[in-house]
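Participant: Below are the sequence and a predicted model for it; my questions follow.
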Amino acid sequence: MTDATDRPRMGLLRRIRHHGGELALTAPSFVWMTFFFVVPTAIVFLLTFRPTAVDGGIGSGWTLETWKTISNPNYPSIVWRTIWLSAVATALSIGIALPCAFAMARTSAKWRSVLVGLVILPFWTSFLIRVFAWKNLLHPQAALARALHTDLGPAGFLALQDVLLFALLFGAGCLALFLANSWRMSSTARGKAACAALLVATVAGALWCAKLWIGFTSARIGAGVCSIVPPGAPLLYNSLAILVVMVYTYLPFAILPLYAAAEKFDFALLEAALDLGARPVRAFVNVFVPGVKAGIYSAVLMVLIPALGSYVIPDMVGGPDAEMIGSKIYQRAIPDRNLPHASALSALLMLGVLVPPGIAWLVFRRRHIGATETDVVRSIGSSNLGNLGGRRRREGGAA
Amino acid sequence: MKRMERRSRGVFWAILLFFYVPIIVLVVNSFNKDRYCGPWRGFTFKWYDRLFNDHEIWQALANTLEVAVGATVASVVLGTLAALAISKYKGKIQGAHYGLLYTHLVLPDILMGISLLLFFISLGLELSLVTVFLAHTTFCVSYVAMAVLGRLEDFDGALLEASRDLGANPWQTFWKVQFPLLLPGIAAGGMLAFTLSIDDFVITFFVNGAGAETLPVKIYGMIKRSPNLPEINALSTLMMIVTMLAVVASRMMQRSRNPAAAPAAAPAALPEGQGGRVRR
């Protein structure tokens, strides 16, 4: 361990006289981060090859046993649930955040900071408490659950969620047609690939909605009661609850970078598109959305990564039937005291979280990834979010 | 354009409603007699009463503040040094330095928690408030460094040259010229570190030892085990009031310091909302 912390210093020994200042400034945080970040990360990967001791510790010797058990049928379903829930939560958050960012950027400068404040204000409460608030709201005894479980008679078959799901299916159908058309019209390979990927995602989402509706309806018919949610089906402790709470907690991370990007967007382009006869939806999708591309990349990064690693949400509203990798890591590490298993799952998550952005970073030549994200964190330093776009706009003007 | 604006504004207000309804329900339920947060059964202060008589909560609060103050001081020193190094020197080492801090910023909490837990176990360190302090300092350093770097980016290097030309030595230049100008960034980073440390649950949950509970860990335990859920509502309401007051106070401080910049600085101290929640 000391090797790792000493290495940068050893290589520099000869130049210390010239670089004393740099060393003095760099060493404290560099050594600290190496010791408390790099070394622990290495330990996670190392421990996956160690056997489990009976007393809950780590055995001696090396083994591949852990990786073999990780591929047993229980884990892939958890990995799969983690991936699709995070992906859907990210897509939903960005889909909702786009019009919000648009609305915020089109407000007069005086009100903008108020709107940003309104978005952020609820998130000043503790994260745990916000998740707990949803537990309150979705509690079986609470007003929402009782309303959704009320017998509506025959009207129940055309109740809110059916209408909603049909609207969603209709929307997905329109979106699919739109994407197919865009695919046909786009000239670049990357554009075609993006359209195809979105098309596949839309179809998958539509199929999921249809499956959900069939499940609901058959449960209602089976129970003979036409309530919106079949009796006995709790609102809490399922994947849908996780999805709702995830969108609730991560949405500001989609709104803020998108708003930062929208502020820099030149709305004259949008007006030009409308003047040239584009319909509003088309103008929004073909002009505004590509215009805030940098914000979308940051939003994906800021929502997807914490979503993949979320522990509190699946633990509190997911329950044992809807586990995610995060809650499984905790369960393996603390109650089960199976440290090699926990580290194997963590290693998996770490690769899943760091490799795709790394590849994206290489592919997009480090242009967009993280640009606005650091903007958001850094703006704290200059402490005015109302003016997030300002600096960049100046730079753009100079170039 | 007008129609698009109207529609998008509709979505925006609907989303604000979505943001605030759960919180309003929570506050209302803290005065509800019903112990399962169910239908309204009348107004009561009994949950607040129980809360004030719960000594473990006050102990947890004391622990939280202790850790937060320590981690803030340590991370402000480390983070400011890191930011100075990264902005002043270029080259591979600073590239790696920045990479370390940035990667740590995006990594999910649970990974930091588990890796630090395994690290402490391998070192044979006993879990206590000390390990919590070490963990908190580690994740706060990145935020402080980014906040100070943001300030350094707008920094006018000519000021340093002027100071040197006027005969100040590097030490004087730093303390008399650069430091006062960086202070807002450092203060913002410190506030960010403090709030993040107070609010952190996941990392603390992994590295805290028996008897070293911080407030979020205590709240989590109550949510999992307590028969009196409304007591948590009461606690949450109080915490929200405290944070709101802190926000108002920091806004007023900002306004009195710099009246001209007041409107632009309205959402100052955003830290929590933005940086903070990145890591979940």
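Facilitator: Great, that's in hand.
Participant: for stretch B:39-57, how far is the first residue from the last?
Facilitator: 27 Å (C-alpha to C-alpha, to the nearest Å).
Participant: Can you name the residues that contact A:Lys68?
Facilitator: Neighbour list for A:Lys68: empty [criterion: C-beta atoms under 8 Å, 6 or more residues apart in numbering or on different chains]. Where you see a C-beta, it was placed from the backbone N, CA and C, and this is true even at glycine.
Participant: Now find how far off-centre the strand or helix carrying it is within its chain.
Facilitator: Using DSSP states H and E, A:Lys68 sits within helix A:65-70. Relative to its chain's centre, helix A:65-70 lies at 28 Å (C-alpha atoms, centre = their mean, to the nearest Å).
Participant: what mean pLDDT would you report for that helix?
Facilitator: Helix A:65-70 shows a mean pLDDT of 78.
Participant: Equivalent analysis for stretch B:228-244, please.
Facilitator: Stretch B:228-244 shows a mean pLDDT of 83.
Participant: next one: stretch B:201-221
Facilitator: 87.
Participant: How about stretch B:178-187?
Facilitator: 85.
Participant: Following the chain past the helix holding A:Lys68, name the next helix or strand.
Facilitator: Helix A:65-70 is succeeded, C-terminally, by helix A:74-105 (DSSP H and E).
Participant: okay, B:Phe119: pLDDT?
Facilitator: Taking B:Phe119 on its own, its pLDDT is 92.
Participant: I'd like the next helix or strand past whatever helix or strand it lives in.
Facilitator: Using DSSP H and E, B:Phe119 falls within helix B:109-123. Following helix B:109-123 in sequence order, the next helix or strand is helix B:129-153 (DSSP H and E).
Participant: Toward the C-terminus, what is the element adjacent to that next one?
Facilitator: Helix B:129-153 is succeeded, C-terminally, by helix B:157-165 (DSSP H and E).
Participant: That next one near chain A at all?
Facilitator: No. Contact between helix B:157-165 and chain A is absent, the nearest approach being 13.5 Å (criterion: C-beta under 8 Å from any C-beta of the partner chain).
Participant: Run through who's touching that helix.
Facilitator: Under the contact criterion C-beta under 8 Å, 6+ apart, helix B:157-165 has outside partners B:Pro170, B:Gln172, B:Thr173, B:Lys176, B:Val177, B:Gln178, B:Leu181.
Participant: still on that earlier bit, in the helix holding A:Lys68, what counts as buried?
Facilitator: A:Thr66, A:Ile70 (16 or more other C-beta atoms under 10 Å in any protein chain shown).
Participant: what number of residues lie near the residue nearest to A:Met302 when sequence neighbours are not counted?
Facilitator: Here the nearest residue to A:Met302 in space, its sequence neighbours aside, is A:Phe253; by C-beta to C-beta, 6 or more residues apart in numbering or on different chains that works out to 4.0 Å. Applying other C-beta atoms under 10 Å in any protein chain shown, we find 29 other residues in the vicinity of A:Phe253.
Participant: Going by proximity to chain A, name the top residue of the stretch 101-250 of chain B.
Facilitator: Of all residues in the stretch 101-250 of chain B, B:Pro108 sits closest to chain A, at 2.4 Å by C-beta to the nearest C-beta.
Participant: pLDDT value on the residue nearest to A:Met302, please?
Facilitator: pLDDT at A:Phe253 comes out at 88.
Participant: Likewise for the one 10 residues further on?
Facilitator: pLDDT, A:Glu263: 88.
Participant: Would you confirm that it contacts A:Thr107?
Facilitator: No. Assessed by C-beta atoms under 8 Å, A:Glu263 is found out of contact with A:Thr107, at 10.5 Å.
Participant: ok, these two, which is more surrounded?
Facilitator: Neighbours were counted for A:Glu263 and for A:Thr107 using other C-beta under 10 Å; A:Glu263 has more, 22 against 16.
Participant: From B:Pro108, how far out is the more buried one?
Facilitator: Here the criterion is C-beta to C-beta, to the nearest Å. By it, A:Glu263 lies 28 Å from B:Pro108.
Participant: next structured bit after the longest helix along chain B?
Facilitator: Among the segments of chain B that qualify as a helix by DSSP state H, the longest is helix B:55-88. Proceeding N to C from helix B:55-88, the next assigned helix or strand is helix B:92-106, under DSSP H and E.
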